[in-house]
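J.: have a look; sequence and predicted model below, questions after that.
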Amino acid sequence: MSSPIPTHRRTIIIESFDTEDSYLINATLTDERPWADGEELVRDVHGMTLDVEVDRRSFVVTNANAKMHRTPHMECVAIEPAFRNLIGLSVTRGFNKSVQERLGRQRGCTHLEFLARAIGPVVIQAMASSSSRQGGAAGISRTVKEDSDSWLTNTCHLWATDSIGATKIREGWRPGLDGYPARTLVEMRATRS
């Protein structure tokens, strides 16, 4: 059997940066056809960025700018201003639904909308990382204690109400202070005994 031939490559990079009052999120998406030579056959299909500013206290989007650097159609860039409609949205519960309602399908660009939906979970990670950077172990403990019931609950199976993740938090586990993957709940309890 011959080796598989790569047909498409999508690269997504999302970074967060701290300011005094906000998280700055820079999301980049590129699509390319690795088999194409870039001369006779088009190699680079999409190149776009979505920059979003989120208030640290309210988790509300305060600024948003989309930029399409590379598109298959000149008219694609006409949708860039629509992504200002992210302003005013909370990146907490219901964010994906709100993004889809404002920018889904014909109201936006499928690729930029994908980036927008990815921003919510990135802000949550940025919050934890920022707390750790600024306050070390005390910062992590404070963030988990103050916020675990609101931003972690029901975000995935591990953080379902009364789940193992919630139990681990109640029993003293602090994300970022122990190695990953974290020990099982059974192992945690055994080491305390």
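T.: On my side now, so go ahead. Residues are numbered from 1 along each chain as shown.
J.: give me the number of residues near residue 61?
T.: Neighbourhood size, residue 61 [other CB atoms under 10 Å]: 27. Backbone N, C-alpha and C define where each C-beta goes, glycine included.
J.: bridging residues for it?
T.: Beta-bridge pairing for residue 61 (DSSP bridges): residue 54.
J.: what strand or helix carries residue 58?
T.: Residue 58 belongs to no helix or strand when elements are defined using DSSP states H and E.
J.: now residue 67
T.: Assigned by DSSP H and E, residue 67 falls within strand 61-70.
J.: once you drop chain neighbours, what's closest to the residue nearest the centre of the chain?
T.: Centroid-nearest residue in the chain, with CA atoms, centre = their mean: residue 122, separated by 2.8 Å. Nearest residue to residue 122, sequence neighbours excluded (CB to CB, 6 or more residues apart in numbering): residue 14, at 5.0 Å.
J.: tell me the secondary structure for that neighbour?
T.: Secondary structure assignment for residue 14 (DSSP: H, G, I helix; E, B strand; the rest coil): strand.
J.: that one and residue 25 touch, don't they?
T.: Yes: using CB atoms under 8 Å, residue 14 makes contact with residue 25 at a distance of 6.6 Å.
J.: in the protein, what helix or strand scores lowest on average pLDDT?
T.: helix 110-147 (a mean of 80; mean pLDDT, DSSP states H and E).
J.: show me the domain layout of the chain.
T.: 9-128, 153-192 (automatic domain parsing).
J.: nearest approach to residue 3 belongs to which of these?
T.: domain 9-128 (12.4 Å; CB to CB).
J.: run through this structure and note the low-pLDDT ranges.
T.: For the chain, the stretches flagged by pLDDT under 70 are 135-151.
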